[in-house]
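# Quick one, structure for this:
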Amino acid sequence: MRSTLLTLAAVTAVTALTACGGGGDTTGTGDTGPTTTTAPSTPPATSAAATPPVALTGTVDDRGTKDIGSATTLAMDLGDFYFAPTYVTAAPGTKLTIALTNSGKAPHTFTVQSPNVDVSVEAGGTGTASLTLPSSGTLAFYCRFHRAQGMQGGFAVS
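Sure thing, here's the model as predicted:
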């Protein structure tokens, strides 16, 4: 009888430790918060912004914001169907060269209406776009083929 009680106590203790372990609670409240997962084929965003720095109309597949300061080069991923980073903050008037890599399975474009920039990049290919950012405000970019699917983003200067 005594060994049965000891076994039962040991099983109860192990079950309790297993159920409570690995939660990652750092607040001391017992609440571990929501769990999120990222699909392995999708690179994580540089830094997701709570409020996007550029207001865009329609659907936007937001893959984060990158602050490049006064840098003159930017690497941008064109995936199916997003830009990463989606938003870029930079210094006013920056003359920017953007290295475009299409990691998707469909052809994409990096298009800006004014100034007139339109670079097509085949699936698995690379391209380069050059433009000068405005002295204030924002500048939107998009894929001519997939804008309606959320493939758009923007530059913000301040």
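# Ile98 is in contact with Leu133, isn't it?
No - Ile98 lies out of contact with Leu133 (C-beta atoms under 8 Å); the separation is 11.0 Å. The way it works is simple: take the backbone N, C-alpha and C, and place the C-beta from them, glycine included.
# Give me the below-cutoff pLDDT ranges for the protein.
Scanning the chain with the threshold set as pLDDT under 70 gives 1-50.
# what are the ranges of the strands in it?
65-69, 73-79, 82-84, 87-90, 95-102, 108-112, 117-121, 126-132, 137-142, 152-157 (DSSP state E).
# nearest to Val54, of the ones you listed?
Val54 lies closest to strand 152-157 among the strands of the chain, at 3.0 Å (C-beta to C-beta).
# Let me see the contact set for Phe110.
By C-beta atoms under 8 Å, 6 or more residues apart in numbering, Phe110 lies in contact with 76, 78, 83, 98, 100, 117-119, 121, 127, 129, 141, 143.
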